[in-house]
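Q: Build me a structure from this.
(one chain, ligands or ions: 1)
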Amino acid sequence: MKPDKTKLQITILITALLFTVLLVFLFHRKQDIIPGWKIPGVVNDKGGKPATPSGDKLKTWTDTKVVPDGEFPLLKPLDPKKYKNLSKDELQIFNITAKSLLNENRARGRNNPYVLLDILDLKEGDNIGDIGCGPGYYTFILAYRVGKKVKDPATGKTVVKPVGKNGGLVYAVDFYPPMITYVKFMREHLAKERKVDFQNIKFICNEADGLVYDIPADTLDFAFLSEMHIYNHIPDNPHQFVTQEQRKNKEYYFNMLRDRSEDFTKSIHNALKPGGLLFITETCEVNKPNQSILYKDDVIKLLESTGLFKFEKTDDSFMGAYLLFMKKITGEKEKSK
Ligand SMILES: C[S@@+](CC[C@H](N)C(=O)[O-])C[C@H]1O[C@@H](n2cnc3c(N)ncnc32)[C@H](O)[C@@H]1O
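A: You can find the predicted model right below:
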């Protein structure tokens, strides 16, 4: 009997040891998502340190507060033969932002931002609101497409400037301070290290409901909302979505979302130029039973019911996500069309 008991104790001890090693390994892996990039400022909900002055705790690694002090590793460059439509600068921006935003799979796979940009058909001089910009996954490529590209012969840098007095601008908007900090850092990094100097990005760290104070009326050609979930968010708690249970009651769900998004919708309408487009892209794959999905038809109905927007077009060729274009309604004449 005795040797058996000792054997059991040893087994338990070894299992506990292995488990501890596994936990330590997993913890370190999480901190080292970008190999070779030191992230001394990482705080997360496990660390318990407040991430923002208001004391919010961060929930996921994409919400990580990043204070980078290391070198950005470069991706194995994209094959220029495969991406013939991209300039050298664009390939560079892609390589840096995709890797540093921890979104390499997304960028190389179904959500390649350049595929999206071709569908958007942006022109130099367009103004864009990148609303809920997050860490800037789209901000820089949007800014590159709409800005005026000038080579500085002295430094060899490409300077991306506004077009005229008030054109070719990207307003990067997010209410979560670490996101804006990150986009600002990336701007500096791209300018210093990678020689693309963006001078056409304006930063707005604010609740999108208040855009009416931050972006002058009739400014934007596009309000760009990628995975922002605004028509699905519970504003008091950005991490909480409308539940499946609430969805069962269609009318309740619809009215609730409309009430919640009213100020935001008005803000966007005000910021857009006459005929400007509200562009929404949201994931439409249902991977998990409780996954919150913002249905395209619901959004169209919601926005049309405000009388401020009308359906323009939709495009489902972007794998795994829908692209929806809603047009700003300006006057009585257009409303009745
Ligand atoms: C899922 S991320 C998408 C980021 C980026 N657009 C992309 O496609 O990678 C959503 C972002 O929207 C921001 N956000 C959500 N609601 C917002 C609001 N009401 N006002 C401003 N920003 C908001 C969040 O802080 C978050 O950074």
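Q: who touches residue 168 in this structure?
A: 124-127, 146-148, 161-162, 200 (CB atoms under 8 Å, 6 or more residues apart in numbering). Backbone N, C-alpha and C define where each C-beta goes, glycine included.
Q: Repeat the analysis, applying 7 Å as the threshold.
A: The contact partners of residue 168, by CB atoms under 7 Å, 6 or more residues apart in numbering, come to 124-125, 146-148, 162, 200.
Q: pLDDT and neighbour count added to those, as TSV?
A: Shown next, in TSV, are those (pLDDT from 0 to 100; neighbours: other CB atoms under 10 Å):
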residue	pLDDT	neighbour count
124	96	12
125	98	16
146	96	24
147	96	25
148	96	16
162	98	20
200	97	22
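Q: and which of the residues you listed is nearest the ligand?
A: For those, the closest approach to the ligand (CB to the nearest ligand atom) belongs to residue 146, at 16.5 Å.
Q: correct me, but the closest one touches residue 126?
A: Yes: here residue 146 lies in contact with residue 126, judged by CB atoms under 7 Å, at a distance of 4.5 Å.
Q: where exactly do the strands run in the stretch 151-300 of the chain?
A: Counting by DSSP state E, counting those that start in this stretch, the stretch 151-300 of the chain has strands at residues 158-161, 170-173, 196-198, 201-204, 220-226, 233-234, 237-241, 272-283.
Q: Of the ones you listed, which is nearest residue 93?
A: For those, proximity to residue 93 was assessed by CB to CB; strand 196-198 is nearest, at 6.2 Å.
Q: Now do residue 120: how many residues are near it, please.
A: Applying other CB atoms under 10 Å, we find 20 residues neighbouring residue 120.
Q: Pick the most buried one from the strands of the stretch 151-300 of the chain.
A: strand 170-173 (a mean of 28; mean count of other CB atoms under 10 Å).
Q: just the residues of the chain that are near the ligand, which are they?
A: On the criterion CB under 6 Å from any ligand atom, the ligand has as its neighbours in the chain the residues 132-134, 137-138, 173-176, 179, 207-208, 226-228, 230, 233, 238.
Q: Quick check: ChimeraX command selecting the buried ones in those residues.
A: To isolate the buried members of those in ChimeraX, using 16 or more other CB atoms under 10 Å:
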select :132,133,134,137,138,173,174,175,176,179,207,208,226,228,230,233,238
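Q: Spit out the contact partners of residue 160.
A: 143-144, 147, 149, 196-200.
Q: Return the backbone torsion pair for residue 313.
A: Note on residue 313: its backbone torsions stand at phi -160, psi 170 [degrees, to the nearest 10].
Q: And the pLDDT for it?
A: The predicted structure scores residue 313 at 94 on the pLDDT scale.
Q: Could you count how many residues lie near it?
A: By other CB under 10 Å, 10 other residues sit near residue 313.
Q: I'd say it and residue 325 touch.
A: Yes: counting by CB under 7 Å, residue 313 does reach residue 325; the two are 4.9 Å apart.
Q: what is in contact with the two at once?
A: With CB under 7 Å, 6+ apart, residue 313 and residue 325 have no common neighbours.
Q: what's the closest non-adjacent residue to residue 156?
A: residue 195 (6.3 Å; CB to CB, 6 or more residues apart in numbering).
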